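In: Next come a sequence and a model predicted from it.
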Amino acid sequence: MKIGKQSQPYQAICTSNPETIIVRGHDLVKDFVGSISFTDYTWLLVAGSLPDEKQRRMLDATLVAIAEHGLVPSVQAARMTLAASPEAVQGAVAAGLLGCGSVILGASESAGAFFRDVRQESEANGSSTEAAAEKLLRRYREDKKPVPGYGHPLHKGHDPRAERLLEIARDLGLAGIHCEIAKTVEKLIPDIIGKSLVMNVSSAIPCVLLDAGYPLLALKGVPLLARTAGLIGHLLEEQTRPIGFIMSHAAAGAIDYDGPAPEGFVANEN
């Protein structure tokens, strides 16, 4: 039974024989091991060709910007998973990654798709990027959809990570149409949405990477790859300075029970 569109049994990423491992047409050992950075290798695996210096620096900057952000829910999930199952570091990493979605860490892909839609709207109708962005923002408002990549619970005035990534893109000469769209959207949001929402790192990552030539469909992988490193750091610390059960205990103390109970019952989970 055929499922999906592919009709030919081929892939073009990796093959091998007893002597040689080929990755994207290159000899892994002779060409890459000890010769290129992991950032170079990531771009090659995803995009199919090695990045130039500007592309490497831009991807590297985005990975550094998003790898760590404290005890966010995905990190808490990973640390508490390890506390409950200390033999399964891989399970704890997976738990943390499964906690990365549209609210935490996963908005880069949807923000990138939004920027693409604005660009295509502008190109299709011969309108300015501002007019195209305004049209799509009004549609988002009518549909009561959040604008992906804008607003942050902590960084209200500006997200310093976003500003730095845009600065790097400008310094490298990579900032183009997607960075222009991202800033235009930020400017239009107060009048159209009704409140000020600044660019956060999840809109900065896609605009600078799309302008650098990174594939849209692989954008979600950038924060996932970066945050994996952060999770491993947290899980090492969890093994040496465990706080997983402290967090669990704190949650029990912070959240009160308001369901039915027998008369005279007094909760005391401590």
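Out: Yes, it's here. Numbers count the residues shown, from 1 in each chain.
In: Can you find the helix or strand of this protein with the lowest average pLDDT?
Out: Counting by mean pLDDT, DSSP states H and E, the weakest-scoring helix or strand in the chain turns out to be helix 244-254, with a mean of 89.
In: which of the residues in that one are buried?
Out: Neighbour-count burial for helix 244-254, counted by 16 or more other CB atoms under 10 Å, picks out 244, 247. Using the backbone N, CA and C atoms, a C-beta is placed for each residue, glycine as well.
In: pull the CA atoms of that helix into CSV?
Out: Written as CSV, here are the backbone C-alpha positions of helix 244-254 (Å, rounded to 0.1, in the frame of the first residue of the first chain):
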residue,chain,number,x,y,z
GLY,A,244,13.5,18.2,40.3
PHE,A,245,11.7,17.1,43.5
ILE,A,246,12.1,20.6,44.9
MET,A,247,10.2,21.9,41.9
SER,A,248,7.6,19.2,42.4
HIS,A,249,7.2,20.1,46.1
ALA,A,250,7.0,23.8,45.3
ALA,A,251,4.2,23.1,42.8
ALA,A,252,2.2,21.2,45.4
GLY,A,253,2.6,24.1,47.8
ALA,A,254,1.8,26.8,45.3
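In: which helices and strands sit right next to it?
Out: Applying 3 or more CB pairs under 8 Å, 6 or more residues apart in numbering; DSSP states H and E, one finds that helix 244-254 makes contact with helix 73-84.
In: quick check: angle from the least confident helix or strand of the chain to helix 73-84?
Out: Computed by axes from the mean of the first three to the mean of the last three CA atoms, to 10 degrees, the angle separating helix 244-254 from helix 73-84 equals 120 degrees.
In: centre of the chain versus helix 244-254, how much separation?
Out: Chain-centre distance of helix 244-254: 27 Å, with CA atoms, centre = their mean, to the nearest Å.
In: before we move on, what about stretch 227-241?
Out: 18 Å.
In: Show the contacting residues for residue 24.
Out: 12-14, 44-45, 48-49 (CB atoms under 8 Å, 6 or more residues apart in numbering).
In: what helix or strand is the residue nearest to the spatial centre of the chain on?
Out: Nearest to the mean C-alpha position of the chain, counting by CA atoms, centre = their mean, stands residue 223 at 3.1 Å. Assigned by DSSP states H and E, residue 223 falls within helix 221-240.
In: Using CSV, write out every CA atom in that helix.
Out: Only the C-alpha atoms of helix 221-240 are listed here, as CSV (Å, rounded to 0.1, in the frame of the first residue of the first chain):
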residue,chain,number,x,y,z
GLY,A,221,14.8,22.5,14.0
VAL,A,222,17.0,25.5,14.9
PRO,A,223,15.6,26.2,18.4
LEU,A,224,15.1,22.4,19.0
LEU,A,225,18.8,21.8,18.2
ALA,A,226,19.9,24.7,20.3
ARG,A,227,17.7,23.9,23.3
THR,A,228,19.0,20.3,23.3
ALA,A,229,22.3,21.6,24.4
GLY,A,230,20.7,23.7,27.1
LEU,A,231,18.7,20.6,28.3
ILE,A,232,21.9,18.5,28.5
GLY,A,233,23.4,21.2,30.7
HIS,A,234,20.4,21.3,33.0
LEU,A,235,20.4,17.5,33.2
LEU,A,236,24.0,17.3,34.1
GLU,A,237,23.3,19.8,36.9
GLU,A,238,20.2,17.8,37.9
GLN,A,239,22.5,14.8,38.5
THR,A,240,24.9,16.8,40.6
